[in-house]
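1. heads up, no residue letters with this:
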């Protein structure tokens, strides 16, 4: 009341806020919250609320303005009044209603209450557990963002790198710790690898172009060398019978009246002419031409071909065996395949001494038609095997071989889509194995 009497009404809220009462220990012991209510003109309803101290401020959500104004209005009639733990008192200025004090008193039972030690420990444990959960959650979020996710990203980039994709990059973090520096170093390494790879691919492409050009040059050189070898072989093979023919012609001129000698030299001329014709025909067999492909029964082909050389084998004293098993039908030129088999059998007979054996086996192997010519002759050395399919290469005596047989065999087999394999050891015979793709169906 003394404060009100000596204070202007406009300055009253400031003076109330400055009261030492609010810091009094006894007052704060019994008061939890407090506010000063200024009523509207006429003393009805709240106009403003003044909070005396921050520690005593009512939360807006916990303060009911209507209830506070109503209790202050009642206090003008009844003096200081209470409503449970809430208390209100009037403030008059010059005898007129100005407002009042509204506060929430402390709970005496709460003030004097003591905690049971067991309950206190339980409360502390709950609080500690909650703090631990919150800490672990914060730690997990930190590790997930700063460690786990970068490592997962790094693993994905590493998997892409292992699959050959060097274009992916790790998402770096804007920080200078060990993980940030590591991720930046990985990206730098990937940049270098990508640059090296692009440079390597470019250089490989350049070298492949160089190799391709060198291969074309080498193939041309090989063709020229083969042409020279072919020309030399043809000249050698034809020169021998031509020399014999020229000699026979000269003798015919000198012995024109001798009928017996004339017949002898004419026979010699005929033999050499046939020999030259055979050489030319074999060369034509090696030249590219349109094959007359059709279904071929290798078993039937082998039977008919061996009949052509059986008399020769008996005359040489060499056994000739034929083993025909169910065989897939192949697609090829019957004449060329027959000539190939005939060349192989004649070569085997020429290589075998009296009492040896030549075996021809026809069957099936891994779905392909198999044709094998095996002899127990002297065999071949590795050097001879390496050149066996070369043109005009022969180990026979001069005049007994042209060196075109195995080359013709290779040409006939590959033209039918097959392959030829030569197996031989000195003193253990020779085997020539032909494999041809099946055309469908099974011959008997």
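-> Received, thanks. A quick note: this is a predicted structure, and the numbers were derived from the prediction, not measured.
2. Check the secondary structure at residue 331 for me.
-> At residue 331, secondary structure determined by DSSP: H, G, I helix; E, B strand; the rest coil is strand.
3. buried set for stretch 95-102?
-> 97-102 (16 or more other CB atoms under 10 Å). (Glycine included, C-beta is placed from N, CA and C.)
4. ok, and what's touching it?
-> Outside stretch 95-102, the residues within contact range by CB atoms under 8 Å, 6 or more residues apart in numbering are 4, 9, 12, 34-39, 43, 47, 68, 71-73, 75-76, 86-92.
5. For that stretch, give the mean pLDDT please.
-> Confidence over stretch 95-102 (mean pLDDT, whole number) is 85.
6. Tell me, what's the model's pLDDT at residue 390?
-> Per-residue pLDDT puts residue 390 at 69.
7. swap in residue 417?
-> At residue 417, the pLDDT value in this model is 85.
8. Make sure it is actually in contact with residue 436.
-> Yes - using CB atoms under 8 Å, residue 417 makes contact with residue 436 at a distance of 6.9 Å.
9. coming back round to it: tell me which two of the buried residues of stretch 95-102 sit farthest apart.
-> Largest separation among the buried residues of stretch 95-102 by CB to CB: 97 and 102, giving 14.3 Å.
10. tell me the contacts of residue 200?
-> Applying CB under 8 Å, 6+ apart, no residues contact residue 200.
11. and it, that one's in a strand?
-> No - counting by three-state DSSP, one finds residue 200 to be helix, located in no strand.
12. if I look at it, how far off is residue 194?
-> Separation of residue 200 from residue 194 (CB to CB, to the nearest Å): 11 Å.
13. do the same with residue 69
-> Going from residue 69 to residue 194 by CB to CB gives 77 Å.
14. more neighbours, those two?
-> Each of residue 69 and residue 194 has its neighbours counted (other CB atoms under 10 Å); residue 69 has more, 24 against 14.
15. My read is that that one contacts residue 36, right?
-> No - Residue 69 lies out of contact with residue 36 (CB under 8 Å); the separation is 11.9 Å.
16. With adjacent residues omitted, what lies nearest to residue 94?
-> In space, residue 94 comes closest to residue 9 once its chain neighbours are excluded; the distance is 7.6 Å by CB to CB, 6 or more residues apart in numbering.
17. Let me see the contact set for that neighbour.
-> Residues in contact with residue 9 (CB under 8 Å, 6+ apart) are 93-94, 98.
18. CSV please, covering these and showing secondary structure.
-> Shown next, in CSV, are the contacts of residue 9 (three-state DSSP):
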residue, secondary structure
93, strand
94, coil
98, strand
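19. Turn these into CSV, columns for distance to residue 129.
-> Converted to CSV, the contacts of residue 9 look like this (distance: CB to CB, whole Å):
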residue, distance to residue 129
93, 55
94, 60
98, 52
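20. just those residues now: which is nearest residue 338?
-> Out of these, the member with the shortest distance to residue 338 (by CB to CB) is residue 98, at 135.6 Å.
21. so where's the stretch 251-400 of the chain shaky on pLDDT?
-> 251-258, 278-292, 390-400 (pLDDT under 70).
22. tell me which strands and helices the helix or strand where residue 69 lies is in contact with?
-> Secondary structure assigned from DSSP states H and E places residue 69 in helix 65-78. Packing partners of helix 65-78 (3 or more CB pairs under 8 Å, 6 or more residues apart in numbering; DSSP states H and E): strand 31-39, strand 46-50, strand 81-83, strand 86-93, strand 96-105.
23. now the closest residue to residue 437 other than its chain neighbours, what's its secondary structure?
-> Using CB to CB, 6+ apart and skipping the chain neighbours, the partner closest in space to residue 437 is residue 417 (5.1 Å). Of the three states, residue 417 takes coil under three-state DSSP.
24. now the one 10 residues further on
-> Following three-state DSSP, residue 427 is assigned to coil.
25. got it, and residue 308?
-> Secondary structure assignment for residue 308 (three-state DSSP): helix.
26. I figured it hits residue 342, correct?
-> Yes - the criterion here is CB under 8 Å, and residue 308 meets it with residue 342 at 6.5 Å.
27. if I look at the one residue sitting closest to the centre of the chain, how far off is residue 97?
-> Centroid-nearest residue in the chain, with CA atoms, centre = their mean: residue 163, separated by 4.6 Å. Separation of residue 163 from residue 97 (CB to CB): 86 Å.
28. ok, now residue 356?
-> Per CB to CB, residue 356 is found 145 Å from residue 97.
29. likewise residue 150?
-> Counting by CB to CB, the separation of residue 150 from residue 97 is 69 Å.
30. What of residue 12?
-> Using CB to CB, residue 12 is found at 13 Å from residue 97.
31. Check residue 305 too.
-> 140 Å.
32. Name the SS class of residue 140, please.
-> Following three-state DSSP, we place residue 140 in the helix state.
33. gap between it and residue 146?
-> The value you get for residue 140 to residue 146, if CB to CB is used, is 11 Å.
34. now residue 422
-> Taking CB to CB, one finds residue 422 at 69 Å from residue 146.
35. Leaving out the residues flanking it, which one is nearest to residue 435?
-> Excluding its sequence neighbours, the residue lying closest to residue 435 (CB to CB, 6+ apart) is residue 368, at 4.9 Å.
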